[in-house]
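Trainee: Predicted model and sequence follow; I will ask about them next.
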Amino acid sequence: MALSSAEGIVSASPSTSEHPAGSVHSKMSKSPSRGATIGFAAVLTLGLVYAGSQLISDVSVVRSASIFPFVLLGIALLIALGFEFVNGFHDTANAVATVIYTHSLEPQVAVLWSGCWNFIGVLVSTGTVAFGIISLLPVELILQVGGGAGFAMVFALLVAAIIWNLGTWWFGLPSSSSHTLIGSIIGVGLANQYLAPAATGTSGVDWSQAGNIGKSLLISPIVGFVCAAGLLLLMKVVLPSKHLYEAPVGTTPPPFWIRCLLVLTCTGVSFAHGSNDGQKGMGLIMLILVGTVPTAYALNRAVSPAEVQDFIAVSAQAADSLGHYADASVVASAEPRTEVTDYVRTRTLVPATVPALRSMITDIAKDLARYKELRLVPAEKTRNFRNDLYLVSEALRLVHKTGNPAVSASDTEVLKNYKRHVDDATKFIPLWVKIAVAIALGLGTMVGWKRIVVTVGEKIGKDHLTYAQGAAAEITAMVTIGAADGFGLPVSTTHVLSSGVAGTMAANKSGLQMSTMRNLLMAWVLTLPVSVLLSGGLFCLFSKLF
């Protein structure tokens, strides 16, 4: 079945008598007030000035005879922020659909309010999701992120994600930016495996990690449907107020307490979306920064000398703990980095792995003792030093994950403590990056919110969205996304919320518009294979260009 055009979907919607949405369309067609426009422009300007000034200050320490790295940095940042901009078309719009269609907030106020809480969510995010996404990428491309293959990887997966997101937005279909990005990463991994010489044994995709993230993306729509439906039925038992289960009359706002509930759930979804989805672009931006200007961003220059001394002490403890599991008959390799890289790439532990890992930890500690501070690591050694830290962190992650070797509880705590110190040195996100991502999300919402709002508000169910249905769907989305953020798993705001609305329609026996549901299902099914093919093809093309 071919996807309908945006106009086709609109014409297929129920009549005004069945679906009294004319008043909502009238509100959405209004322009924002002059005060709101000026306020938004002021915040946007301040954010851009701050982000730009911080970027200039950071890269001022970089000494380069060529302007090319800075040009490449600018292009890559624009593409990465473009991905977040298009992400705003889709996911942020989902958060405001229920408050708009229940007349709890004026559309322009709802969009600005959602944007503010997305901004806050991005600022307080931990970065766990961001670096979980990066761990899916082929290890050799991450280690070579400053080279041609590394840039081909970043550009391919971002451009592929943007193309698919724009296409589904044009048809008014709530498609998952998370789903798209994961598919793009898999496509790059497969293409990298195809292009690499067989002798290198290069890795393609970390299928175990991809499987965990894939499960979260596949299960989240089911969770949204079932939990939202169950919550609506529970509300009917414990909250028998008939106003909750009636469609809005005209443009009259709901009773005060219902309105507060709906605004609260919109706030929660917006905050959770910012804290989860905003991180996906952050991780890729950090890869870009490390690849183009490693002197400024490869290592966390904010780590204090006292923390470095603690790192050195913890390194000695970690090396001693690993010594309990090293085969004494195995001679340590002269190239421990090669051994550890092979382990991270193949995920196969060999007798030489543990001695090599222990040797790398010892060497890193010696270098730290000589440099005193991370900001004093020589520019020419910064990238390799970061790569060593990355390899050690990934190797320890695999040891903990596989249980091979079987490390005792006490040694596990020592190694986890050491890994935390390593991650503090490399897995950081500057404040200006968070602000830039938040601005890109907000701008995307302001530009493209209407198409997705109309689909969620009108075209999933046959009846108008009631107050209780909006609250149940958004509470489910808020809790699900917040929980996923805590576990470091990317989930789709779009999938959870749109399936939640469908669940409430089913529970309320309102009926579902099957043409829209088929389109949503088709977009959901096609997202992964299309993004895999797009990114894989673009990676092959960009590999030739770079």
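Mentor: Nice, thanks for sending it over. Numbers count the residues shown, from 1 in each chain.

Trainee: In the stretch 1-150 of the chain, mark out all the helices, start to finish.
Mentor: 6-11, 22-28, 34-59, 68-87, 93-101, 107-124, 128-134, 139-143, 148-170 (DSSP state H, counting those that start in this stretch).

Trainee: Report the angle between the fourth one and helix 148-170.
Mentor: Here helix 68-87 runs at an angle of 20 degrees relative to helix 148-170 (axes from the mean of the first three to the mean of the last three C-alpha atoms, to 10 degrees).

Trainee: Residues touching helix 68-87, excluding its own?
Mentor: Outside of helix 68-87, the residues within contact range by C-beta atoms under 8 Å, 6 or more residues apart in numbering are 59, 62, 64, 151, 154-155, 158-159, 161-162, 165-166, 169, 177, 181, 277-278, 280-281, 284-285, 288-289, 291-293, 436-437, 440-441, 443-444, 447-448. C-beta coordinates here come from the backbone N, C-alpha and C atoms, glycine included.

Trainee: Show me just the buried residues among the residues you listed.
Mentor: Applying 16 or more other C-beta atoms under 10 Å to the contacts of helix 68-87, the neighbour count classes 59, 62, 151, 154-155, 158-159, 161-162, 165, 169, 177, 181, 277-278, 280-281, 284-285, 288-289, 291-293, 436-437, 440-441, 443-444, 448 as buried.

Trainee: Run through the stretch 251-400 of the chain and note the low-pLDDT ranges.
Mentor: The model of the stretch 251-400 of the chain has pLDDT under 70 over residues 332.

Trainee: about what we covered before: same list, the helices of the stretch 1-150 of the chain, but as TSV with distance to Ala316 and mean pLDDT please.
Mentor: As requested, those are exported to TSV (distance: least, C-beta to C-beta, whole Å; pLDDT from 0 to 100):
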stretch	distance to Ala316	mean pLDDT
helix 6-11	62	36
helix 22-28	63	71
helix 34-59	32	84
helix 68-87	37	85
helix 93-101	49	80
helix 107-124	34	84
helix 128-134	26	77
helix 139-143	26	78
helix 148-170	33	85
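
Trainee: now for those helices, which one comes closest to Pro240?
Mentor: helix 93-101 (21.1 Å; C-beta to C-beta).

Trainee: so the closest one versus helix 107-124, what angle?
Mentor: 150 degrees.

Trainee: Distance of the residue nearest the centre of the chain relative to His179?
Mentor: Geometric centre of the chain, nearest residue: Lys280, 2.5 Å, by C-alpha atoms, centre = their mean. To His179, Lys280 is 11 Å away according to C-beta to C-beta, to the nearest Å.

Trainee: Determine which stretch of the helices of the stretch 1-150 of the chain is the most buried.
Mentor: helix 93-101 (a mean of 30; mean count of other C-beta atoms under 10 Å).

Trainee: Now it - C-alpha only, PDB.
Mentor: Taking C-alpha atoms only, helix 93-101 is exported to PDB below (Å, rounded to 0.1, in the frame of the first residue of the first chain):
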ATOM      1  CA  ALA A  93       5.000  17.800  18.300                       C
ATOM      2  CA  ASN A  94       3.600  14.600  19.900                       C
ATOM      3  CA  ALA A  95       3.900  16.200  23.300                       C
ATOM      4  CA  VAL A  96       1.600  19.100  22.500                       C
ATOM      5  CA  ALA A  97      -1.100  17.200  20.500                       C
ATOM      6  CA  THR A  98      -3.300  16.300  23.500                       C
ATOM      7  CA  VAL A  99      -3.300  19.800  25.200                       C
ATOM      8  CA  ILE A 100      -4.100  21.400  21.800                       C
ATOM      9  CA  TYR A 101      -7.000  19.100  21.000                       C
END
